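K.L.:
Give me the fold of what follows.
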Amino acid sequence: MRIASELYTADGKLIGRYYKENRTPVEYSKIAPSVINALVATEDVRFFKHSGVDFLGVISSTISTARGDKRGASTITQQLAKNLYSTRNKKSQGFIKNVPLVRTVVYKLKEWMTALKLEGQYSKPEILTLYLNTVPFGNNTFGIKTAAKRFFNKQPAELEVQESATLIGLLKANTTYNPIRNPEKSLERRNVVLSQMQKYNYLTAAELTKYIASPLVTKEGEFEDSSNGESYLKSAVAGYIEKWCEENDYDLYEGGLKIYTTIDSKLQKYAEEAVASQMKSLQNRLQNAWGNQKPWHDSEGKEIEDFALNAAKRLPIYKFLEKRYNNNIDSIKAYLAIKKEMTVFSYDKEGEKKVNFSTIDSLEYYSKLLNTGMMTLDPFNGHIKVWVGGIDHKFFNYDHVNQAKRQAGSTFKPFAYLAALDNGKTPCDMYIDKPVKIVYDDNNKKEVWEPKNASFSFSGQEMTLRHAMARSVNSITAQITEEIGWDKVVDYAHRCGIESPLKSVPSVSLGSNDVSVFEMVRAYATFLNKGMKTDPILVQKITDKDGNVLKEFKSTPTRAISEEIAWLMMYMLRGGMEEPGGTSQALWEWDLFRKGNQIAGKTGTSSDYVDGWYMGLTKDLVTGVWVGCDERTVHFRTSETGEGSKTALPIFAKFMEKVYHDPSTGISEGPFPKPTVEITKEYKCVSPIYSIDTSDSLDADSSFIDSLEQPIEFPDTSSVEPEAGKQPDNKKPSTTDNQAIEQNQPTKSEPSKTKKQLREERRQKRLEERQE
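P.N.:
This is a model prediction of the structure:
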């Protein structure tokens with residue numbers, strides 16, 4: 001039999017199936033007796049008396065057919081032979097395919113011979129079980145177990161008499177007697193089956209009257225996979241085990257495998273809820289940002305002409321149209337403008353809507369839709385706990401976790417700071433926010449790079465590396481990249497788990513290269529896992545249909561960076577919450593900081609707010625979130641609407657809030673662990689609280705315009721500024737809060753009390769709105 005393979009979460013929840021024929025076998029003892037009685041009474045009343053071929057039935061059928069009453073005489077065993085070996089599908093082979101009567105006799109003889117062999121090999125109950133497990137019930141539903149679930153949301157043993165009769169009635173014509181599509185005809189056929197059961201003494205006259213009088217009631221079972229067995233997670237798993245299946249000669253869609261993933265069903269549910277909530281809100285925000293204007297603009301802010309037509313040129317049909325209309329652009333445009341009814345994705349309750357769109361309309365509509373990718377990893381064993389590949393797999397097959405690659409923006413900066421720390425720098429080293437001009441060679445061509453901050457000016461302030469990374473200061477990131485070398489930044493990113501090709505140029509530190517959410521989560525996990533790189537795994541084990549383990553998957557960690565440097569990187573990432581103006585401080589709006597909980601993270605935004613990122617780390621998990629349009633020319637217009645802290649960070653926050661509020665997840669609040677090795681580098685430094693106002697913008701993370709938001713004009717200090725990377729003698733950072741730092745508690749460098757109160761008020765208001 002072609003048996004569907006089943007997909008399970010780590011906690012044993014069935015979440016999907018792979019099949020060509022949607023079938024799950026069931027044992028004879030777990031089938032309701034009424035199903036057996038209905039089948040025998042309707043299909044083969046002499047089943048328990050013949051040996052596979054009912055010769056009396058054949059004679060009776062021949063006589064009836066000769067009198068004009070055409071009847072079949074195939075036994076249940078013969079039908080099983082047909083289902084198992086497709087005898088009738090293979091009848092038209094060789095010379096006899098041209099001789100109609102002869103070919104019919106041949107396939108009938110094949111069925112008889114096979115039926116007799118089956119009867120000699122198997123008992124009657126075994127034959128009935130084989131039959132009920134192979135027979136089709138329509139709607140790509142094979143076998144009694146799948147049919148019982150599909151039409152009545154029950155197990156086969158739970159079926160009542162009238163329900164059994166309905167399913168057996170389906171066998172005569174799957175579509176005609178489908179109880180959901182054709183309830184009236186299904187009811188008629190059910191009553192015929194009930195009458196047969198009474199005729200052959202499986203029911204009394206009173207029982208027949210009772211069951212015929214009962215209404216036809218169906219209850220469609222909820223199959224968590226779509227009819228073709230696809231979703232982001234299932235597609236990812238199929239790709240993950242494809243090589244193993246090929247090497248071990250297993251067919252994922254026929255082999256009856258049981259695949260146990262690393263996914264946590266509760267965490268996955270909370271992630272999907274967080275994504276659905278935030279993405280609907282973001283879509284409204286994007287629509288409001290552009291109003292009636294076309295949102296596709298180039299890097300200079302000019303609207304792109306013939307946007308949809310250029311997009312249509314990438315469609316397979318366009319070449320056909322060019323040939324059909326002899327490259328006449330007006331004719332091609334006319335064809336592409338023809339409106340037709342179609343179903344498109346929508347944030348309406350149903351998740352879709354019917355519209356009258358032309359091809360051009362459709363391309364414009366989908367280009368305006370934001371999408372997302374989200375992944376959560378347990379860095380200590382490599383188990384992927386959450387995988388959200390997009391907003392809706394039915395309409396967007398492209399997976400934004402491992403297939404899509406986008407500019408990482410400032411979420412890539414930690415790799416520059418990692419390279420710096422591992423090559424002599426400390427979190428307390430002081431740098432000045434000042435203009436930077438880097439001349440470099442790119443393919444034998446002299447290039448000049450002059451990165452800007454978010455304000456297009458520079459503060460002239462001196463700050464620690466931790467403070468600079470926390471506030472995502474481009475100019476200081478550029479300075480350490482120039483000192484350490486961009487080749488080293490690339491090297492450390494690859495060491496931690498980035499596998500995509502990275503162009504080694506100065507701007508690499510600001511996230512100018514395209515990477516996937518999968519890679520970024522793997523790389524950040526190296527920091528939390530004490531410098532050990534762990535390759536994420538999506539599948540724990542594979543068993544056969546009987547539960548025998550065929551393969552177990554485990555991740556083997558390898559040393560990428562030292563444990564000391566890894567701890568210091570976590571300390572640096574905590575700065576996003578603990579340093580004044582850190583870009584993660586929007587998290588205060590959610591209920592995330594009970595029991596001394598700590599969160600480390602980094603926001604990221606690519607140029608023109610095309611991509612929004614957030615990388616969030618707790619003591620247990622690493623999560624990566626990306627938000628943006630698949631069409632890169634469509635994006636938000638301002639930092640207030642489009643930065644990573646406004647798009648991706650809230651998804652992480654909503655997700656973790658749900659997780660923390662459910663103790664059954666096993667994920668609890670708490671601080672990060674203390675270092676287990678000696679920290680030789682100075683890190684117990686406190687950043688001063690500057691007088692500038694940062695309350696309006698806690699996330700200045702764009703790779704193009706990124707950093708301090710309310711700057712003072714940069715003064716000319718060229719004659720007095722210290723050598724980059726070295727501390728002036730009179731500006732040594734304070735260490736008065738050493739005890740607080742050692743205890744992993746926020747120091748007095750955290751936001752002022754007034755600002756925290758304001759955030760707490762916003763958080764409380766948000767909780768009250770949720771309760772309402």
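
K.L.:
Show me what the host helix or strand of I480 is packed against.
P.N.:
For I480, the enclosing helix or strand under DSSP states H and E is helix 474-484. Under the contact definition 3 or more CB pairs under 8 Å, 6 or more residues apart in numbering; DSSP states H and E, helix 474-484 sits against helix 413-421, strand 430-432, strand 438-441, helix 465-470. Glycine gets a C-beta too; all of them are placed from N, C-alpha and C.

K.L.:
Swap in 7 Å and give it another go.
P.N.:
helix 413-421 (3 or more CB pairs under 7 Å, 6 or more residues apart in numbering; DSSP states H and E).

K.L.:
which secondary structure elements does the helix it packs on contact?
P.N.:
Helices and strands in packing contact with helix 413-421 are listed as helix 465-470, helix 474-484, helix 486-496, helix 563-578; criterion 3+ CB pairs under 7 Å, 6+ apart.

K.L.:
Return the most buried member of these.
P.N.:
Stretch with highest mean neighbour count among the helices and strands packed on helix 413-421: helix 465-470 (a mean of 29; mean count of other CB atoms under 10 Å).

K.L.:
Please tell me how far that helix is from the chain's geometric centre.
P.N.:
Distance, stretch centre to chain centre, for helix 465-470: 32 Å (CA atoms, centre = their mean, to the nearest Å).

K.L.:
what's the answer for stretch 561-575, then?
P.N.:
Mean C-alpha position of stretch 561-575 versus that of the full chain (CA atoms, centre = their mean) differs by 29 Å.

K.L.:
What are the contacting residues of it?
P.N.:
Contacts with stretch 561-575, where a contact means CB atoms under 7 Å, 6 or more residues apart in numbering, come from 414, 417-418, 421-422, 427, 466-467, 469-470, 495, 526-528, 530-531, 582, 598, 600-602, 617, 672, 675, 677, 679-681, 683.

K.L.:
try 6 Å this time
P.N.:
417-418, 421-422, 427, 466, 469-470, 527, 530-531, 582, 600, 675, 677, 679, 683 (CB atoms under 6 Å, 6 or more residues apart in numbering).

K.L.:
where does this protein have its least confident helix or strand?
P.N.:
helix 738-742 (a mean of 37; mean pLDDT, DSSP states H and E).

K.L.:
circling back to that earlier point, between the helix holding I480 and helix 486-496, how many degrees?
P.N.:
Taking axes from the mean of the first three to the mean of the last three CA atoms, to 10 degrees, one finds helix 474-484 and helix 486-496 inclined to each other by 90 degrees.

K.L.:
and helix 474-484, how far out from the chain's middle?
P.N.:
The answer for helix 474-484 is 35 Å, by CA atoms, centre = their mean.

K.L.:
mind listing the strands for the stretch 201-350 of the chain?
P.N.:
Using DSSP state E, counting those that start in this stretch, the strands of the stretch 201-350 of the chain run over residues 258-261, 340-345.

K.L.:
Redo the helices and strands packed on helix 413-421 as a markdown table? Include mean pLDDT.
P.N.:
Compiled in a markdown table, the helices and strands packed on helix 413-421 are given as follows (pLDDT from 0 to 100):
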| stretch | mean pLDDT |
| --- | --- |
| helix 465-470 | 96 |
| helix 474-484 | 97 |
| helix 486-496 | 98 |
| helix 563-578 | 97 |
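
K.L.:
nearest to K313, of these?
P.N.:
Between K313 and these, the shortest gap by CB to CB is with helix 486-496, which sits at 35.1 Å.

K.L.:
and the closest one, what does it pack onto?
P.N.:
Other helices and strands packing on helix 486-496, by 3 or more CB pairs under 6 Å, 6 or more residues apart in numbering; DSSP states H and E, are helix 413-421.

K.L.:
longest helix in the protein, by residue count?
P.N.:
With secondary structure taken from DSSP state H, the chain has its longest helix at helix 265-290.

K.L.:
residues touching K551, list them.
P.N.:
Taking CB under 6 Å, 6+ apart as the criterion, K551 is in contact with I542.

K.L.:
at 7 Å instead, please
P.N.:
By CB under 7 Å, 6+ apart, the contact list for K551 reads W244, K541, I542.

K.L.:
Same check on F357?
P.N.:
Residues in contact with F357 (CB under 7 Å, 6+ apart) are K339, M342, V344, Y365.

K.L.:
P215 too?
P.N.:
P215 makes no contacts at all, as judged by CB under 7 Å, 6+ apart.

K.L.:
and what of I3?
P.N.:
So I3 contacts R23, P25, E254, G255, G256, K545 (CB under 7 Å, 6+ apart).
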